[in-house]
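**Q** Predicted coordinates and the sequence they were generated for:
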Protein chains: 2
Amino acid sequence: MNEQERAALISAMTELLGARAVLHRYEDLLAYECDGYTIHKGIPGAVLFPANTEQVAAAVGYMHRHRIPFIPRGAGTGLSGGATALNGEVVISLVRMNKLLHVDYLNRKAVVQPGYINLKLSNSISSKGYYYAPDPSSQAACTIGGNVGENAGGAHCLKYGVTTNHVLGLEMVLPTGETVRIGGVPDAPGYDLLGILTGSEGTMGIVTEITVRILKKPQAVKTVLALYDDVNDASLAVSDIIAAGIVPAALEMMDRTAIEGVESGNYPVGYPRDLGAVLIVEVDGIEAGLQHQIDQVLEVCRKHNVREVRQSVSADERARWWANRKTAFGAMGTISPDYLVQDGVIPRSTLPEVLNKVSEISRKYGLRIANVFHAGDGNLHPLILFDSRVPGQKEDAVKAGSEVLKACADAGGSITGEHGVGIEKKEDMRFILNDEEISLQLRLRDVFNADNLCNPDKVFPQPARCVEVKRFVAASKEPAAE
Amino acid sequence: MNEQERAALISAMTELLGARAVLHRYEDLLAYECDGYTIHKGIPGAVLFPANTEQVAAAVGYMHRHRIPFIPRGAGTGLSGGATALNGEVVISLVRMNKLLHVDYLNRKAVVQPGYINLKLSNSISSKGYYYAPDPSSQAACTIGGNVGENAGGAHCLKYGVTTNHVLGLEMVLPTGETVRIGGVPDAPGYDLLGILTGSEGTMGIVTEITVRILKKPQAVKTVLALYDDVNDASLAVSDIIAAGIVPAALEMMDRTAIEGVESGNYPVGYPRDLGAVLIVEVDGIEAGLQHQIDQVLEVCRKHNVREVRQSVSADERARWWANRKTAFGAMGTISPDYLVQDGVIPRSTLPEVLNKVSEISRKYGLRIANVFHAGDGNLHPLILFDSRVPGQKEDAVKAGSEVLKACADAGGSITGEHGVGIEKKEDMRFILNDEEISLQLRLRDVFNADNLCNPDKVFPQPARCVEVKRFVAASKEPAAE
């Protein structure tokens, strides 16, 4: 987009959306130079704030006709740079489309706009005894549209599944500007479009309305803290809790460095500073069966040399424990000037082995790594602590992060559990997908986003094969050397 | 495929697979003229029985090179004609690939070949305390490969989800003959290919290996039969059980005609013949909480004028109740010469309204309709009874079935819960998808199956728009009349 094209765009968008819904001055755009992933940044060409589906469709239609790349954005809490405009793309923010449109308690569903904040949904339906299950740690700020883009998880996805398990229907503006409705009926026939769009990280269009499943709140909830001297004992307890046939609502783990962070943050629980690890085990369901499950959990914890266990005695206490856990990322700021959040997944049985590798990587780079996990489903969040004022540390942190993901992939796991690929992990995709598989994925993207205008070049690296073919084609134009 | 091409195919396949693995004589092919859906039939050009992935890939590669259409087939228990060769296609049967390859109890997964029979998996891992959750009524015969193709459900998918919720990885031969591996790691990054392939009804390739989730068996199971005079009371009880926040493992319903059928079959329970409906409500989980749930269920049932309730007293009794329910389709043969199974989904709250419409349709055509449902998730199975010896009855049964699906779609539901679209419901897809949506689906199919050789022309009707465009193009070659 050259300056003339940009001026035309801003003029057209101002007419379409109103002057207050179009940011274009450098000082305004600066606030949108990144999302929650701060390693790479870029200033958007403009930021638009459409108020409804028609405005989204009109804006996208303009981009399509003028070949202008654009990026959908929710609250900007993403952790892999999915909403970052690396090459001056236009950002389309959905934060003005922030309404709860409809709740159908009888059929257990709610219809929201994409800018509606995750936690507001549970708060709005709580008095009737319902809630929305996916609960990313950023749920007080992140939007359900963003959750759909990233297929967000959360502490309770062990039992209740991630966003894709709760999306029943979508209204979506395709990268051509057409509006389509997908799903919305139970068991829609044909290929599973909802599944493919959920977690597509804004590369297939802009979601403008979302129908989600709501759940009846469990009758009762009980939470246990299990404090360990040794992180390996805690890991073994995690495996054995699952092996015992218990499906906890949540099964979280923090190691010593993570505990140091959360105890220095705004919501200290009072964990002893010399702990090796803490487990948070929550069970929910019918009141009558819960204590039995808790007793089983305690038995397993004791078998693995637990130092101390605490059972929650009130909802307040549970809320404090969760506030401590859910602010773990931010709390790292109290013990380190900078930190990089990683997000890998491993088969549960490889937890001790991968933790050892993470320690090795930490020693190799001389960077502390705090480990916060959704341990029950093998979803690790190593937080790599660094100081960007020390030359080379930021680069080392990025390298260490990539090595952690390699370790996850080598253990039979994956490079992202819930934070997406974005720009951060594009190249790390090669740990999981070969060239043919990347090509297949790109062909799927092309069905929706053939011109690669919608969140361009995110998520997937160029397949090496294509590069080779292009080189070969270029080379063959020259006379052969031999 | 002309006779010369067919002779070349049979010769090449005989060399590749061995003579015993290639059926080509008319009397042998006749056994493959249809699957469990018997309204439309067709004789395949040949039936092949590859023994491993390499043989599948080689056979498919041959088809691809010679442009020969082919159809994957499991046990042939499908109920919508997905495996039927309407136009002399070559059937590739996976029944020889019937091994359990690997069980990983620690990470709760099993790897099977596509021809492995569903129930065998649960039986094989039962002694270790595990099972495989999706349980279609045909589970003693149907294959897991076929289950993946149809995204099969079952009585217990209310609580545990359908096949797509249990598939962790696939090995697949694409319609070009290439072999790819998809998923297999927890939370594979990129677009959700597993989701799009599961339920693709054989139109995107041939699955040659499947990794599925296995679950720990629940500690305890309790089952209740609730006998009603009035089917409407039973429907209201279904809604209220869910509204009470109970998630039963299964919540099944049969109406008076269905009860007449099952009581005349091989596994009578002894239901009174004058019942209006019976509910089967099953809860499972931790022993300590179960009786409380059962008590809640009984309370709801009594509120809605239940005539009688029975609680299971032994595993044997439960097994007898389920054998009665699971053979309901077959048992209809004892009260009617022929029957057509339908499969629609409706929002739970519309159950009484849709049941009334089904009764109207029954009266309109003068055909009895027995209703067997997975009531908890709104999945209806109307069984339309007819006598194919009476001229016109078969055609009326087909029309009545389509009208039932229309009623489901009009109520905000869908035309298939778990039996697929196949050939039976291709045209009924228009009740749910418009032309643009059908085109989008076909473009997705083209990513995997660009030549439409793999289960050609199944599932999706031609979009009317394309037909119009073609007509317009054809017409415009003539000089304009006006």
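**A** Sure, I can see it.

**Q** Where do the strands of the stretch 101-250 of chain A begin and end?
**A** Using DSSP state E, counting those that start in this stretch, the strands of the stretch 101-250 of chain A run over A:109-112, A:130-131, A:167-173, A:179-183, A:206-213, A:215-216, A:220-228, A:250-255.

**Q** For the closest residue to A:Ala243 other than its chain neighbours, give me its contacts.
**A** Closest residue to A:Ala243 apart from its sequence neighbours, by C-beta to C-beta, 6 or more residues apart in numbering or on different chains: B:Leu106 at 7.3 Å. No exception for glycine: its C-beta is placed from N, CA and C like everyone else's. Neighbouring residues of B:Leu106 by C-beta atoms under 8 Å, 6 or more residues apart in numbering or on different chains: A:239, A:243, A:347-349.

**Q** Deepest-packed of the strands of the stretch 101-250 of chain A, please.
**A** Greatest average neighbour count among these goes to strand A:250-255 (a mean of 26), per mean count of other C-beta atoms under 10 Å in any protein chain shown.

**Q** For stretch A:180-192, measure first residue to last.
**A** Start to finish, the residues bounding stretch A:180-192 are 15 Å apart (C-alpha to C-alpha, to the nearest Å).

**Q** Helices of the stretch 101-250 of chain A, start to end?
**A** A:118-125, A:144-150, A:157-160, A:193-197, A:231-243 (DSSP state H, counting those that start in this stretch).

**Q** most neighbours per residue, which of those helices?
**A** helix A:144-150 (a mean of 31).

**Q** For that helix, what does the pLDDT average out to?
**A** Average pLDDT, helix A:144-150: 98.

**Q** swap in stretch A:60-67?
**A** 98.

**Q** swap in stretch A:36-49?
**A** 95.

**Q** Are it and chain B in contact anywhere?
**A** No - against chain B, stretch A:36-49 shows no contacts by C-beta under 8 Å from any C-beta of the partner chain, the least distance being 15.4 Å.

**Q** That stretch: how far from the chain's middle?
**A** Stretch A:36-49 sits 17 Å away from the centroid of its parent chain (C-alpha atoms, centre = their mean, to the nearest Å).

**Q** list the buried ones in that stretch?
**A** A:36-37, A:39, A:42, A:44-49 (16 or more other C-beta atoms under 10 Å in any protein chain shown).

**Q** hang on, the earlier thing: of all the strands of the stretch 101-250 of chain A, which one comes closest to B:Glu308?
**A** Of all the strands of the stretch 101-250 of chain A, it is strand A:215-216 that lies closest to B:Glu308, at 28.2 Å by C-beta to C-beta.

**Q** what's the pLDDT at A:Phe329?
**A** 89.

**Q** And for A:Leu158?
**A** A:Leu158 is given a pLDDT of 89.

**Q** could you measure it against chain B, distance?
**A** 12 Å (C-beta to the nearest C-beta, to the nearest Å).

**Q** can you check A:Ser235 too?
**A** Counting by C-beta to the nearest C-beta - A:Ser235 and chain B are separated by 13 Å.

**Q** between the buried residues of stretch A:36-49, which is nearest A:Asn356?
**A** Distances from A:Asn356 to those, taken by C-beta to C-beta, are shortest for A:Ile39, at 26.1 Å.

**Q** Now do the contacts for that closest one.
**A** For A:Ile39, the contacting residues are A:81, A:340, A:394, A:398, A:424, by C-beta under 8 Å, 6+ apart.

**Q** hang on, A:Ile242 packs against A:Asp377?
**A** No - A:Ile242 is beyond contact range of A:Asp377, at 9.3 Å (criterion: C-beta atoms under 8 Å).

**Q** Residues that sit against both of the two, list them.
**A** A:251, A:348.

**Q** how much space between the residue in the stretch 201-350 of chain A that chain B sits nearest to and A:Cys157?
**A** Chain B sits closest to A:Gly289 of the stretch 201-350 of chain A, with a gap of 2.4 Å, by C-beta to the nearest C-beta. Using C-beta to C-beta, to the nearest Å, we find A:Gly289 at a distance of 22 Å from A:Cys157.

**Q** re the thing from before, what about the residue of the stretch 201-350 of chain A closest to chain B, how many residues nearby?
**A** 23 (other C-beta atoms under 10 Å in any protein chain shown).

**Q** ok but it is inside a strand, no?
**A** No - applying DSSP: H, G, I helix; E, B strand; the rest coil, one finds A:Gly289 to be helix, outside a strand.

**Q** Excluding sequence neighbours, find me the nearest residue to it.
**A** Closest to A:Gly289 by C-beta to C-beta, 6+ apart is B:Gly289, at 2.4 Å.

**Q** gap between the residue positioned nearest the centre of chain A and B:Tyr191?
**A** Chain A has A:His419 as the residue nearest its centroid, 2.7 Å off, counting by C-alpha atoms, centre = their mean. Distance of A:His419 to B:Tyr191, computed by C-beta to C-beta: 17 Å.

**Q** cool, A:Thr38 as well?
**A** Relative to B:Tyr191, and taking C-beta to C-beta, A:Thr38 is found at 27 Å.

**Q** cool, A:Pro175 as well?
**A** Taking C-beta to C-beta, one finds A:Pro175 at 15 Å from B:Tyr191.

**Q** Likewise for A:Leu194?
**A** From A:Leu194 to B:Tyr191 the distance is 12 Å (C-beta to C-beta).

**Q** try A:Gly413
**A** 19 Å.

**Q** Likewise for A:Gln219?
**A** 38 Å.

**Q** One more: A:Leu275?
**A** A:Leu275 is 41 Å from B:Tyr191, by C-beta to C-beta.

**Q** Neighbour count for those two, which is higher?
**A** B:Tyr191 (25 against 21).

**Q** from memory that one sits against A:Gly199, does it?
**A** Yes - using C-beta under 8 Å, B:Tyr191 is in contact with A:Gly199, at 7.4 Å.

**Q** Can you list the residue ranges for helices in the stretch 251-400 of chain A?
**A** A:256-264, A:287-303, A:315-326, A:328-331, A:351-365, A:393-410.

**Q** hang on, the earlier thing: possible to save the helices of the stretch 101-250 of chain A as a markdown table with distance to B:Gly88?
**A** Converted to a markdown table, the helices of the stretch 101-250 of chain A look like this (distance: least, C-beta to C-beta, whole Å):
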| stretch | distance to B:Gly88 |
| --- | --- |
| helix A:118-125 | 54 |
| helix A:144-150 | 44 |
| helix A:157-160 | 48 |
| helix A:193-197 | 32 |
| helix A:231-243 | 51 |
